[in-house]
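Student: From the sequence below, what's the structure:
(2 chains)
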Amino acid sequence: MAKPTSDDIKTLIEQFEQSDWKEVHVKTDNFELYLSENPKSSGPPSAIASQSTSAASQTFDSDDTSPTAVVPVPEASKAVLPEGMIAVTAPNLGTFYSAPKPGAPPYVEVGQNVSAETEVCLIEVMKLFTPVKAGVSGVIREICVSDGQMVEYEQLLVVIEPS
Amino acid sequence: MTIKRVFVANRGEIAVRIIRAAHALGIEVVQGVSLADRDSMAPKMADRTVVIGPAQAKDSYLDVRTVVHAAKSTGCDALHPGYGFLSERAELARVCVEEGIIFVGPKAQVIEDLGDKLRAREIAERSGIASVPGSGHVESPAAALVAANEIGFPVVMKASAGGGGRGMFVARSSDDLKESFARASGEALEAFGDGTLYLERYIENARHVEVQIAGDGQGNAVHFGERDCSVQRRYQKVVEEAPCVLMSNPLRKKLHKAAVKLVSSLNYSNVGTVEFLFDVERDEFYFIEVNTRIQVEHPVTEQVTGYDLVQMQFRLAAGEENALPLQKAIGISRHAIECRLNAEDAYNNFAPSPGRIKEWGPAQGAGIRVDSHCYSGYLVPPFYDSMIGKIVVTGPDRSSTVRRLQTALEDFRIEGLVCNLQLLREIVAHPDFKDNSFHTRWLEQDMLPVFELAKK
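Tutor: Residues are numbered from 1 along each chain as shown, chains lettered A, B, ... in the order given. Here you go, the predicted model:
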């Protein structure tokens, strides 16, 4: 088999990032490529590990319902997570709610200990509310979205330092 | 323009086309994209982009609630569905209205009625437009013969339970019919577990002809002439043109009138297309269906009439006065032909061939229009339709337009990606295409077998 070109590899990586796959391992006589979603993956020997990139690289103004001026979205907070931190991202596009109902205390606050099952927020799409769980036990280090803000698919919501 | 900000719930070339039309009218654009399309052309042009879901269309472009939620929370007052995806989903039109968003398209009820094939046929019949003549179930060769004589030979026997061409037999005479009835019934039984047959008139030399219409929702409607889309593969159009020069003027007038009558009877709003089968030998046309959206091939109509149909969609949706032109103002001059560029391997059973375009070198020159979202370095993702663009060529008449199209296709350069460019070149250079002597099965039956053989 011919050696893949850099374009081939680039294409593979992009397709991997856009897919639901957890990892990809390609091995031929003269070539080996290992891609994993898990930043902690040690991978197979002599592997290239690709850190999963956060999809939501943009921040948004909260709901501006008056159709007057569109603010161009700055390509801000390229969401580089500090070493060892875990990101909780939006499972779908919707409105972010930090508390179960208006006026109620928030699900979580910075500094709070959470378990994998702890609910950290609600995402609402057309009156359908989906709770989002921490997914890992640890300490909440940052809440990146404000209450009532629209979030996009895979946008960074909460940063947790795993215990 | 009362519409201030539109949400584009589509991708690819049509998203780009809609953004251009919106900006020309001073409308701001919020582009909804899947994760796979975040770095594509439309987000670069839009005023704002939101990621509505993952690459899989089912959870992004096909999710009604997510799309409307995104439109609403970004302050959009209108939504354009493009073609494909949710464009003919009545639910989208309905939810938009419930949420106070203008849907750029017909009313939900009209989409629903015309989307139901049987109901659409009834609506057409009420306007005096016939569908292809056919029979009910025929149980015996004798019953088939009676039905066939009523319809007129040739007829095609079809399996009631079937589809996709299996169990289909053409009979050109009563002897033919008697001979093949048992075989057709047997094959239907074997393929579908049911040997029941029905008959339909067999149109040897059929052209796919469609009429572009627009309505204001008050019962006023106009047409923008017809398109001929007879170069097809598996019911997918490959080359489309306007006008259909094969049709006589009296029949053409009748066709336009029929289309306008049908949509007027529904108080149709926005643009749409009434599709017909044109039986060249009998000089008759039959109703197929109505598409309640902008179509892929709309540019050929724009080229020969001079109207911008997507801008018109916005004007009609906004309820602008005089958004609908007067029929007498719409004239058809010149000829236009469109070819669809697809990322598919024509030499390998049309397998989709996504990948990175190394070099995108569209043809340029007088009378050449390329509608595309592609550029050098663009990655055609594997998740969606394989269409990468449309080349539309316009000229004073059909033969000069074919020559111009030939040159344009020769000049077009696409590198790094397998696509159907060579096939398009050979279709357009084919004597049958030049002579305008082909029918809806020509590409599959006559042209492609030779094309594939030549490669081997």
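Student: what domains does the record give for the chain?
Tutor: Since you didn't name a chain, this refers to chain A. A:1-53, A:86-162 (automatic domain parsing).
Student: if you could check chain B rather than the one you did, that'd help
Tutor: B:5-104, B:134-201, B:206-455.
Student: for those domains, which one sits closest to chain A?
Tutor: Closest approach to chain A among these (CB to the nearest CB): domain B:5-104, 4.0 Å. From N, CA and C alone the C-beta is placed, and that goes for glycine too.
Student: returning to that earlier point: please identify the most buried of the domains of chain A.
Tutor: domain A:86-162 (a mean of 17; mean count of other CB atoms under 10 Å in any protein chain shown).
Student: for the stretch 151-300 of chain B, what spans make up the strands?
Tutor: For the stretch 151-300 of chain B, the strands defined by DSSP state E, counting those that start in this stretch cover B:155-159, B:169-171, B:197-201, B:206-216, B:221-233, B:236-242, B:269-279, B:284-291.
Student: Chain A too?
Tutor: A:23-28, A:31-36, A:86-89, A:94-97, A:113-114, A:119-125, A:128-133, A:138-143, A:150-151, A:156-162 (DSSP state E).
Student: Pull the contacting residues for residue B:97.
Tutor: Residues in contact with residue B:97 (CB atoms under 8 Å, 6 or more residues apart in numbering or on different chains) are B:103, B:108.
Student: so what secondary structure elements neighbour the helix or strand hosting residue B:122?
Tutor: Counting by DSSP states H and E, the element that carries residue B:122 is helix B:117-126. Using 3 or more CB pairs under 8 Å, 6 or more residues apart in numbering or on different chains; DSSP states H and E, the elements in contact with helix B:117-126 are helix B:108-115, strand B:284-291.
Student: in the sheet, who's paired with residue 32?
Tutor: Chain wasn't specified; assuming chain A. residue A:27 (DSSP bridges).
Student: Wait, chain B was what I had in mind.
Tutor: Counting by DSSP bridges, residue B:32 forms beta bridges with residue B:50.
Student: what about residue B:85, how many neighbours?
Tutor: 22 (other CB atoms under 10 Å in any protein chain shown).
Student: go on, residue B:246?
Tutor: Using other CB under 10 Å, residue B:246 has 18 neighbouring residues.
Student: any idea which helix or strand carries residue B:393?
Tutor: strand B:387-395.
Student: Just give the strands next to that strand in its sheet, each with its orientation.
Tutor: Under the criterion DSSP bridges, strand B:387-395 sits next to strand B:335-342 (antiparallel), strand B:368-372 (antiparallel) in its sheet.
Student: Out of those strands, which gets nearest to residue B:107?
Tutor: Relative to residue B:107, the nearest member of these by CB to CB is strand B:368-372, separated by 27.8 Å.
Student: Other residues contacting that closest one?
Tutor: Taking CB under 8 Å, 6+ apart as the rule, strand B:368-372 contacts B:13, B:16-17, B:299, B:303, B:341, B:360, B:362-363, B:388-394, B:404, B:408.
Student: Can you select the buried ones from these in PyMOL?
Tutor: Applying 16 or more other CB atoms under 10 Å in any protein chain shown to the contacts of strand B:368-372, the buried members can be selected in PyMOL as follows:
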select buried, chain B and resi 13+16+17+299+303+341+360+362+363+388+389+390+391+392+393+394+404+408
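Student: about what we covered before: tell me which of the domains of chain B is the most buried.
Tutor: domain B:5-104 (a mean of 22).
Student: Now do that one, average pLDDT.
Tutor: What domain B:5-104 shows for mean pLDDT is 97.
Student: per-residue pLDDT, residue B:167?
Tutor: 66.
Student: who's in contact with residue B:412?
Tutor: B:361, B:362, B:363, B:391, B:421.
Student: Inside helices: which ones of the residues you listed?
Tutor: residue B:421 (DSSP state H).
Student: Now pLDDT too, for the contacts of residue B:412, in JSON lines please.
Tutor: Below are these laid out as JSON lines (pLDDT from 0 to 100):
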{"residue": "B:361", "pLDDT": "98"}
{"residue": "B:362", "pLDDT": "98"}
{"residue": "B:363", "pLDDT": "98"}
{"residue": "B:391", "pLDDT": "98"}
{"residue": "B:421", "pLDDT": "98"}
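Student: Take the contacts of residue B:412 and write them to JSON lines, including distance to residue B:312.
Tutor: Listed next are the contacts of residue B:412 as JSON lines, based on distance: CB to CB, whole Å:
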{"residue": "B:361", "distance to residue B:312": "32"}
{"residue": "B:362", "distance to residue B:312": "26"}
{"residue": "B:363", "distance to residue B:312": "27"}
{"residue": "B:391", "distance to residue B:312": "23"}
{"residue": "B:421", "distance to residue B:312": "31"}
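Student: Among the contacts of residue B:412, which pair sits farthest apart?
Tutor: B:361 and B:391 (12.1 Å).
Student: residues near the closest residue to residue B:439 other than its chain neighbours, how many?
Tutor: Once flanking residues are discounted, residue B:439 sits nearest to residue B:205: 4.9 Å by CB to CB, 6 or more residues apart in numbering or on different chains. By other CB under 10 Å, the residues close to residue B:205 number 17.
Student: ok, now which ones touch residue B:341?
Tutor: Residue B:341 neighbours (CB under 8 Å, 6+ apart): B:372, B:387, B:388, B:389, B:390, B:391, B:414, B:419, B:420, B:421, B:424.
Student: Provide the partner residues of the fifth one in its beta bridges.
Tutor: In this case it means residue B:390. Beta bridges link residue B:390 to residue B:340, residue B:371, judged by DSSP bridges.
Student: thinking it is in contact with residue B:14, fair?
Tutor: No. Under the criterion of CB atoms under 8 Å, residue B:390 is not in contact with residue B:14, lying 9.8 Å apart.
Student: Tell me the residues that contact both of those two, please.
Tutor: Joint contacts of residue B:390 and residue B:14 (CB under 8 Å, 6+ apart) are residue B:296.
Student: Now residue B:145: which helix or strand?
Tutor: With DSSP H and E as criterion, residue B:145 is part of helix B:141-151.
Student: now what about that helix, what contacts it?
Tutor: Counting by CB under 8 Å, 6+ apart, helix B:141-151 makes contact with B:133-136, B:138, B:155, B:157, B:171, B:174, B:177-178, B:181-182, B:197, B:199-201, all of which sit outside it.
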